[in-house]
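>>> Structure of the sequence below:
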Amino acid sequence: MRVTGRTVSACMSSGPLYYSGWQGSVSGESLLTDKTLERHVMESTVLNTDYPESDKIVLELYYHGFPVMVSPEETPFEIGRNDTSAGLSVSSEFASRKHCAVEFHGGKFLLRDFSRNGTFIQLSLSQSFRIQNESTPLIGNGCFKLGAAINSDGDDGERIFFKIKTRATRTPGV
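This is a model prediction of the structure:
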């Protein structure tokens, strides 16, 4: 996995402080397993900080256990197969080089598909659905997979998990 211009090590993050209900040892590149990742995405909570109004929402992506934070200012954020110019490069044989992009419009993150095979999306615990050459809002949390259906057994390493997060703001004088 490659993330353009980003540090993927959780210990080297320089952004806001996040707390996660997930606990465990981190060694090498194995941050989370698919089973603990789903719980992690559901339980993570922002603890701090004081940011400008335009920087209060963030999209948190997880691919193969590695976190990637996308702010509205970093959109469009491209995702593609083995593409050195993409923000997130994946290794799926079903993904297109420029498969999809995360965009931000009207206060919402959108996932826009550009591919031949489509993108399969599952919001929270709902049924998955497919988009092809169109966009859909990313709401709450869930996952998506490039070019192939999401396995119902939960054992699918090519899923990209997401969570929309709102950064907590401090109340003056508190």
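
>>> from here on, contacts and neighbour counts on C-alpha atoms
Noted.

>>> quick one, strands of this protein?
For the chain, applying DSSP state E gives strands covering 2-3, 18-19, 45-46, 57-63, 66-70, 77-81, 88-90, 100-105, 108-113, 119-123, 129-131, 135-137, 141-146, 160-166.

>>> who wins for proximity to residue 152 among these?
strand 119-123 (10.5 Å; CA to CA).

>>> In TSV: the strands of the chain, plus mean pLDDT, distance to residue 152 and mean neighbour count.
Formatted as TSV, those follow (pLDDT from 0 to 100; distance: least, CA to CA, whole Å; neighbours: other CA atoms under 10 Å):
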stretch	mean pLDDT	distance to residue 152	mean neighbour count
strand 2-3	49	27	18
strand 18-19	36	28	12
strand 45-46	40	26	16
strand 57-63	95	18	20
strand 66-70	94	22	19
strand 77-81	94	23	21
strand 88-90	92	21	23
strand 100-105	96	22	20
strand 108-113	97	21	21
strand 119-123	94	10	22
strand 129-131	95	13	17
strand 135-137	96	21	15
strand 141-146	94	12	24
strand 160-166	93	15	20
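
>>> Please name the bridge partners of the residue lying closest to residue 75 once chain neighbours are set aside.
Using CA to CA, 6 or more residues apart in numbering and skipping residues adjacent in sequence, the residue nearest residue 75 is residue 103, 5.2 Å away. Beta-bridge pairing for residue 103 (DSSP bridges): residue 110.
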